[in-house]
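A.B. asks: give me a 3D structure for the following:
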Amino acid sequence: MQFQVFANDKQSSARAGLINTDRGAIETPIFMPVGTAGSVKAVHPRELKADIRAQIILGNTYHLYLRPGTDVLENAGGLHKFNGWDRPILTDSGGYQVFSLAAQRKITEKGVTFKSHIDGSSHLFSPEKSMEIQRSIGGDIVMAFDECPPYPSTYKYAKDSMEMTHRWLDRCIEWMKENPPIYGHEQSLFPIVQGSVFPDLRKESAAFAASRNMPGNAIGGLSVGEPAEMMYEHTAIVTEILPASKPRYLMGVGTPANILECIALGVDMFDCVMPTRNGRNGMLFTSEGIINIKNEKWKFDNSPIDAGIDCFASQEYSKSYLRHLFVSKEILALQIASIHNLAFYINLVKQAREKIIAQCFASWKEEAIARYMKRL
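C.D. replies: Residues are numbered from 1 along each chain as shown. Down below sits the predicted model:
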């Protein structure tokens, strides 16, 4: 994997770059749709490519391990062949899902023992096991196994957790060195910076991750309940330390405002379930602001969902029709809303890239946040 920065904004730390993988190039800043179980919910791969124009999607290690299982994925030749996606895939480590199972897990130096949410069976994720599963999935970018501390955490818990995450990182690196890829494609390992909301821990963790000289770096443990301003503060601390020559990935973030603010802080890669999850519940992000399409006010509105987004779902269906589908509980409503929201997010980062290259990102960002986050 190679990364090049082509432009830097003069009034912020925003930059426009290009990640090259052997399955294709990724223009940054980039938003990555989340394909938890091998698919982006309610969205066909054809639409991801042609209409949403996604350059990379995510696969979820925890969910794919439990279903369909690594034996099925290996039999298919990896997730790319299994789901028909021929562009890059990033896989998480399973650490965040294990974090979300707080009542059903036990953390030790060896790894995390947890119970499946499907059938209650017991499983162990260790750094080595996480790497092994991600080898079987075949993602182009893979995440080191980490512990995501909850918010709030005590300083001692956050420090102990961070230090264990660092030891786990070294075990992940060692496993990757000793076990070559199995599908003939390179896999690039990203460390994950932790440290909760303690500045000294964030600095220490960022320096540790940078010292391992991996192809890129991720920032974890944010957007887990802390105020947005605190998330920005700690993102800024970390991006100041992580090398500018490597892509920076802020995990699980977020709203359009979160993304634009963090692009300004030097983040290159984002993912979040918000566009699809909110879309399935009738919340649409549009060029004019945020819409609850289920509201009565859209009943007779025959204007396009969003004429400003170059996507068939946004331009060819009216607000009135989409509201009707939601009220009628038609499955098509979830599909149209999800496609539109993802197209909006991809367009958002595309606009950001264009403004960075044009050297007007900082001023555009303030106006864009005010417009896009307005409730209609």
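A.B. asks: which parts of the chain belong to which domain?
C.D. replies: Residue ranges for each domain of the chain read 2-272, 279-366, as given by automatic domain parsing.
A.B. asks: would TSV of these with mean neighbour count, mean pLDDT and distance to M373 be doable?
C.D. replies: Using the backbone N, CA and C atoms, a C-beta is placed for each residue, glycine as well. Formatted as TSV, the entries for the domains of the chain read as follows, by neighbours: other CB atoms under 10 Å; pLDDT from 0 to 100; distance: least, CB to CB, whole Å:
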stretch	mean neighbour count	mean pLDDT	distance to M373
domain 2-272	20	96	5
domain 279-366	19	98	7
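A.B. asks: can you convert these into a markdown table and add a column each for distance to K374?
C.D. replies: Listed next are those as a markdown table, based on distance: least, CB to CB, whole Å:
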| stretch | distance to K374 |
| --- | --- |
| domain 2-272 | 11 |
| domain 279-366 | 4 |
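A.B. asks: right, and those - which one's nearest L376?
C.D. replies: The closest of the domains of the chain to L376 is domain 279-366. By CB to CB, the value is 4.3 Å.
A.B. asks: so what's the gap between that closest one and the chain middle?
C.D. replies: Relative to its chain's centre, domain 279-366 lies at 20 Å (CA atoms, centre = their mean, to the nearest Å).
A.B. asks: end to end, how far does it reach?
C.D. replies: Chord length of domain 279-366, first to last residue, is 24 Å (CA to CA, to the nearest Å).
A.B. asks: next: stretch 188-200.
C.D. replies: First residue to last in stretch 188-200 (CA to CA) measures 28 Å.
A.B. asks: next: stretch 318-333.
C.D. replies: End-to-end for stretch 318-333, by CA to CA: 12 Å.
A.B. asks: just stretch 292-301 next, same as before
C.D. replies: For stretch 292-301, the end-to-end distance is 13 Å (CA to CA).
A.B. asks: can you tell me the closest non-neighbouring residue to the residue nearest the centre of the chain?
C.D. replies: When CA atoms, centre = their mean is applied to the chain, the residue found nearest the centroid is D271 (1.9 Å). Among residues not flanking D271 along the chain, M32 sits closest, at 4.3 Å (CB to CB, 6 or more residues apart in numbering).
A.B. asks: roughly how far apart are that neighbour and I291?
C.D. replies: 24 Å (CB to CB, to the nearest Å).
A.B. asks: Provide the backbone phi and psi angles at N217.
C.D. replies: The phi/psi pair for N217 (degrees, to the nearest 10) reads phi -140, psi 150.
A.B. asks: roughly how far apart are it and W175?
C.D. replies: 18 Å.
A.B. asks: S338 now?
C.D. replies: Looking at S338 against W175, where the rule is CB to CB, the gap reads 36 Å.
A.B. asks: one step back: isn't the residue nearest to the centre of the chain right up against N60?
C.D. replies: No: taking contacts as CB atoms under 8 Å, D271 lies outside contact range of N60: 10.5 Å.
A.B. asks: contacts only, for the residue lying farthest from the centre of the chain.
C.D. replies: Distance from the centre of the chain peaks at F300, with 36.0 Å (CA atoms, centre = their mean). For F300, the contact set (CB atoms under 8 Å, 6 or more residues apart in numbering) comprises S320.
A.B. asks: go on, the one 10 residues further on?
C.D. replies: D310 is in contact with 343, 347, counting by CB under 8 Å, 6+ apart.
A.B. asks: phi, psi of the residue farthest from the centre of the chain?
C.D. replies: phi -110, psi 20.
A.B. asks: picking up where we left off before, overlap of the contact sets of D271 and N60?
C.D. replies: By CB under 8 Å, 6+ apart, the residues touching both D271 and N60 are V34.
A.B. asks: start to end distance for stretch 38-48?
C.D. replies: Using CA to CA, first and last residues of stretch 38-48 are 13 Å apart.
A.B. asks: which residues touch it?
C.D. replies: 33-34, 52, 54, 57, 59, 64, 68, 79, 82-85, 276, 280, 313, 331, 334-335, 338-339, 342.
A.B. asks: kindly report the same for stretch 75-85.
C.D. replies: Here stretch 75-85 makes contact (CB under 8 Å, 6+ apart) with 23, 35, 38-39, 45, 48, 57, 59, 64, 68, 72-73, 86, 89, 91, 136-139, 182-183.
A.B. asks: 10 Å - rerun?
C.D. replies: The contact list for stretch 75-85, computed with CB atoms under 10 Å, 6 or more residues apart in numbering, reads 23, 35, 37-40, 44-46, 48-49, 54, 56-57, 59, 64, 68-69, 72-74, 86-89, 91, 134-140, 181-185.
A.B. asks: got it, and stretch 313-320?
C.D. replies: 43, 47, 51-52, 279, 284, 286-287, 291, 293, 295, 297-309, 322, 324-325, 332-333, 335-344, 347.
A.B. asks: and if we set it to 6 Å?
C.D. replies: 298, 301-302, 304-307, 336, 339-340, 343 (CB atoms under 6 Å, 6 or more residues apart in numbering).
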